[in-house]
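No sequence on hand, only this structure:
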């Protein structure tokens, strides 16, 4: 399989290319989203201690009885270490680390949310990071200090959030909150029924996946500086929980186990993909490839380069359900796919080989991941902890 994986909410990403290892430098691509200049020398630190590598040491020594550690146990994190209560230290037979892998490291956890983090957004050109949670808040973090500089009480659980300059969109039950990050202006978009689980923007349109299985569409009007209702896409029988745009098509993943392909010009469903046998949790689009993951323990890769209907060209199988996907490049420009599993781990794979690159651990499952500038990336887990990671090579 000749493919890589990436993440893009608005345009076609340029990190993925069909030929490897000669991957195109994203800084030279006409479709690349350039890294803002002010992010180039970003240094994240622990706001409490200044330590920029908290809790990333690997300890795999002897067990409490003094016996040699079983090598097969060295890839399992100590649950007491994860909760900072392990009393055995280096004698513990389990791994004392937040990750396995020598090409990336944990920089710092950002604590403040009380419940699962459901969304992370890093607006282009801004020095602020936004995180949304089921605790009903959106927190704003300073990218230079790692400090929380503002907390916005949404009053309802945050289901999703995206940034499309200059707008920040936040999906909550029965509504979408919209902020202009440059002017501070705000508005609400009505129409959704139940929680808004997914948002994506393209061609001056905003798409929202809702609890009742609809995909609502708004079109931006420059004269009024508002978003006006444009369409309601019907076809899924259960909640739409993932949306991504690729070229002239919109792809939607649902709890009904299906992926639907929508023509952005006509708003008609042109194909239904029914290869998954459980909930379709997350979608990625990159150039001619669509990536999908499901609670059926698989990641499927679909080729979209021909005019024929999409077909699965590769299926990757995990031991646990896959709940989120994120793609990026490491510091050497190599494509890496991150797969969050419902066993509280995140697996990293080189593409297109799917060779294991490493593993990250959390106290509860990671629901959302986001790449940032300069080798930085973020994970948000079920206890409300936002972690900042960085590629080291």
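Okay, I see it. Since this is a predicted model, take the numbers as computed values, not measurements.

Pull the contacting residues for the residue nearest to residue 265 when sequence neighbours are not counted.
Leaving aside its sequence neighbours, residue 265 sits nearest to residue 248 (CB to CB, 6 or more residues apart in numbering; 6.5 Å). Heads up, the C-betas are built off the backbone N, CA and C, glycines and all. Residues in contact with residue 248 (CB atoms under 8 Å, 6 or more residues apart in numbering) are 263-265.

Can you lay out these as CSV showing neighbour count and distance to residue 362?
Formatted as CSV, those follow (neighbours: other CB atoms under 10 Å; distance: CB to CB, whole Å):
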residue, neighbour count, distance to residue 362
263, 13, 38
264, 17, 36
265, 9, 41
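
now, among those, which is nearest to residue 226?
residue 264 (20.7 Å; CB to CB).

what's the pLDDT at the closest one?
We have a pLDDT of 94 for residue 264.

who are the neighbours in contact with it?
Going by CB under 8 Å, 6+ apart, residue 264 touches 202-203, 205, 245, 248-250.

Export those as TSV, with columns for secondary structure.
Converted to TSV, these look like this (DSSP: H, G, I helix; E, B strand; the rest coil):
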residue	secondary structure
202	strand
203	coil
205	strand
245	strand
248	coil
249	strand
250	strand
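
Would you map the helices across this structure?
In the chain, the helices defined using DSSP state H lie at 79-82.

where does it have low pLDDT?
1-75, 80-81, 83-84, 89-91, 93, 96, 306-307 (pLDDT under 70).

One more pass at 50, please.
For the chain, the stretches with pLDDT under 50 are 1-73.

before we move on, the earlier item: how about the contacts of residue 264, which pair is most distant?
Farthest pair in the contacts of residue 264 (CB to CB) is 205 and 249. Separation: 12.9 Å.

Is it possible to mark the buried ones in the contacts of residue 264?
Among these, those classed as buried by 16 or more other CB atoms under 10 Å are 202, 205, 245, 249-250.

Residue 368 touches residue 130, doesn't it?
No: using CB atoms under 8 Å, residue 368 is not in contact with residue 130; the gap is 11.6 Å.

what is in contact with those two at once?
Here residue 368 and residue 130 have 119-120 as joint contacts, going by CB under 8 Å, 6+ apart.

burial of residue 212, as a residue count?
Other residues within reach of residue 212, judged by other CB atoms under 10 Å, total 14.

Grab the nearest non-local neighbour of it.
In space, residue 212 is closest to residue 193, 4.6 Å off (CB to CB, 6+ apart).

Please apply the same query to residue 240.
Distances taken as CB to CB, 6+ apart place residue 209 nearest to residue 240, at 3.1 Å, with adjacent residues excluded.

Confirm for me that that neighbour is in contact with residue 235.
No: with contact defined as CB under 8 Å, residue 209 does not count as touching residue 235 (11.6 Å).

Going by how many neighbours each has, rank the two and give me the top one.
Taking other CB under 10 Å, residue 209 and residue 235 do not tie; residue 209 has more neighbours (28 against 17).

in the sheet, who's paired with that one?
According to DSSP bridges, the residues that bridge with residue 209 are residue 198, residue 215.

Run a quick neighbour tally on the closest residue to residue 79 other than its chain neighbours.
In space, and not counting its chain neighbours, residue 79 is closest to residue 94: 7.8 Å by CB to CB, 6+ apart. Per other CB under 10 Å, the neighbour tally for residue 94 reads 22.

Kindly report the same for residue 78.
Neighbours around residue 78, by other CB under 10 Å: 20.
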